[in-house]
Each structure stands twice: as C-alpha cells, then as structure tokens.
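Participant: my questions concern the predicted model and sequence given below.
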Amino acid sequence: MRTLAVVGGGAIGLAVAWRAAQAGWTVTNFDPAVGSGASWVAGGMLAPLSEGWPGEDRVLEFGAASLARWPEFAGRVAAATGVDVFVADETLTVALDGADAADLRTVADWVGGRGSELHLLDRSGVRALEPALARTVRAGLLAPAEPAIDNRRLLDALRQACVAEGVEFRAESVVALDALPHDQIVLAAGAASAGLWPQLPVRPVKGEILRLRHRPGATPPPIRVIRARVHGRPVYLVPRSDGIVVGATQYEAGFDTAVTVAGVRDLIADAEAVLPGIGEYELAEASAGSRPGTPDNLPLIGRLDDRIVAATGHGRNGMLAVPLTVEAVLSVLDGSVLRAAEVADPQRFSAPGAPSPTSSVGGIR
C-alpha cells in the first residue's frame, strides 16, 4: 500500500491527511503540537471577493475557486464528524470615510465585472442589516457568498476525521525530509516550511487576534463578518457562538508570537470604532501566530521533486484555501495537475536550472 507522510498539523496538513487516507493512502502526520499554530489563531473569514483589488487577478481567481469548493468540503466534514463549521453566511465591508467608500465602489466594479455578486449599500442599508454598527459608517459592500467558519471547530473535526480514517499521528519535529521513508511526502509546515526546503520563498508574517466573549446586557455580536479600515489599518469582526473574534495585526517580525500592548490597543480601538458596544465584552484571549507569506500572496502547491509535494505559503487565506489545496495535492499525488491551482505552482519562483535540495535542518513550529 502507498505510504504518505504529511509534515504539518494545521488545517491544511490535517485536511490533506484525512482526504488522502480516504483515497487509499497509508498516512502518517508529523507535528509536535497538532493544531496549535497559525490555524489555531485564525479568524475563519472566507472573503476573497471583498478583498479583491484591480490587478490581483490571479489571487482573486484562486480564492474564488476555493470559496466555490467550501460547501462541498464542509458537507464532507459534517458527514464524517457531525460538525457544522460555519458561523456566518455573509461578509459586510464598511467604510467610515469618503476615501474608503470610493474603494468599495472600486472593488464592487472590478470583482462584480468578473461574475461575482456584490452589493453596494448606503448608510441606511448598512444599518438595516447590522443596526449595532457605528453611526459613522457611511457605506457598505455586501458579499452574500462569503461565509465564515470556526477555525478551531474545523481543526477538531479534521483531527477526528483523520483518526476515523486511520491516520497515524507522530508528535515529532521533522528535521530532514529525505530521512522519512514514505513513498510520498507533503510539506504543509506553514511558515516553517522554508526550514525544511530552503528554496521555498515562505516567510513568517506575525498576526495578533483577540477573542471577545459576549456578556449579559452587552450589544449582541453581528450576524455577519464585518470588515473595515480604521486609520489605514484593516480590522475584521467574525461572529462566534459566544462572542466575536477581532483581527488582525500584521508585522514582519520573524517567528515572534508574543502579543504586544500596541497590537491589543489598536485592535480594540479599531473594533470599537466599528462596533461601539464591544466595550462591554470580556477580553477572553489575545494570541498571535505566524502566517506563511509569499512574495505574490499566492500559496505554493505542487511538486518539488519526485517524492515531495508542497502545500504551504497560504498567508492570511489558509482557511479559505483548504478545499482547493486538498484537491490540488490529491491530484498531484495521483499524477495530474488541477487547473484551478496551476497559479500556485511552487516552481514559478525557481531560477532556470536551479538544483532542488533534498534535505535541510529545521523543524515544525
């Protein structure tokens, strides 16, 4: 029977391990702390349309292709585990000033012109959907096809599904890919992937997130994902059953995952500018993770050599990209290439004739 090692236990690694086991592979997952990295810290937005911008055609196409696969993937998860991972059905991006309102029109025109449904709203239209938002909100952009998931619920469900399919978990850090005896290896170690394959242009991008718990008498959380820009900083609020996830800062800070006072201050201030009532919420958690960034904001999915397949570099869109990444990796393992994921070919950064390394030192963080 074919053997597969999946290096990395985040959402991507777990999903690949699960679906590969279903496809007949004997799978071993390597990670010293499964589900504890950037996937655990994430907000769970699935918003490639709202984040679209003219000129970023390939990023939009990849994100939209994965978004379209989410209902079927979530259905598989629910059928296997009984877990519904969705927490919101729509995304509402709001503008607090004229410049941001103009940007919403730009996004609506550009993304809408590519076949996606987006609706511009005036002040009264925004308040009709989410009356608790600040009265300073001037306009909104509704994306009815952009839901959100509970990332931690997804991680728990994927691990449960892996166990049911016989995936072996080994709480170990891999230090050399070529030391693994398996027929095939999927490198899904997130921001640590370059430590195992140095030619991969993956770098850690720090992001801080807050989890606010609703208290009796406080303003109810929104029922949609709310996105905005405050003083030039992006902020989002993602509903949860017990409150709101607020994110996210973004720093080039290496593998530093300490939560800073400035990060917490800015997130609270920006979130309160959008939803004034959050001052009555409980600050339940502040955490930070290392997103795996790439130079062109597209992931790295594809073959590195005859035995190793990359599935990394998803940046801020790791949750969004899970279904398409899994489908693409399974296609590569089966000897084919998924057209929708061709833009993520890791060889796009390789110099002509550059040799591929077969081992390196490093580990999974």
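Facilitator: Yep, it's here. Numbers count the residues shown, from 1 in each chain.
Participant: pull out the buried positions in stretch 320-338.
Facilitator: Across stretch 320-338, burial judged by 16 or more other C-beta atoms under 10 Å covers 320-333, 338. All C-beta atoms are positioned from the backbone trio N, CA, C, and that covers glycine.
Participant: likewise stretch 33-46?
Facilitator: Neighbour-count burial for stretch 33-46, with 16+ other C-beta under 10 Å as criterion, is recorded at 34-35, 37-46.
Participant: that older thread, which pair in the buried residues of stretch 320-338 spans the largest distance?
Facilitator: In the buried residues of stretch 320-338, the most distant members under the criterion C-beta to C-beta are 320 and 333, with 22.0 Å between them.
Participant: quick one: which of the buried residues of stretch 320-338 sit in helices?
Facilitator: Of the buried residues of stretch 320-338, the ones assigned to helices by DSSP state H are 320-333.
Participant: would you reformat the residues you listed as CSV and include distance to residue 293 and pLDDT?
Facilitator: What follows is these, written out as CSV (distance: C-beta to C-beta, whole Å; pLDDT from 0 to 100):
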residue, distance to residue 293, pLDDT
320, 15, 98
321, 13, 98
322, 17, 98
323, 21, 98
324, 18, 98
325, 16, 98
326, 21, 98
327, 23, 98
328, 19, 98
329, 20, 98
330, 25, 98
331, 25, 98
332, 22, 98
333, 26, 98
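Participant: quick one: those residues as a markdown table, columns for distance to residue 134 too.
Facilitator: What follows is these, written out as a markdown table (distance: C-beta to C-beta, whole Å):
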| residue | distance to residue 134 |
| --- | --- |
| 320 | 27 |
| 321 | 32 |
| 322 | 33 |
| 323 | 34 |
| 324 | 35 |
| 325 | 37 |
| 326 | 39 |
| 327 | 40 |
| 328 | 41 |
| 329 | 43 |
| 330 | 45 |
| 331 | 46 |
| 332 | 47 |
| 333 | 49 |
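Participant: now, which of these sits nearest residue 273?
Facilitator: Closest to residue 273, out of all of those and judged by C-beta to C-beta, is residue 320, at 25.7 Å.
Participant: contacts only, for the closest one.
Facilitator: Going by C-beta atoms under 8 Å, 6 or more residues apart in numbering, residue 320 touches 45-48, 63, 66-67, 70.
Participant: so residue 306, which state does it fall into?
Facilitator: Under DSSP: H, G, I helix; E, B strand; the rest coil, residue 306 falls in the coil class.
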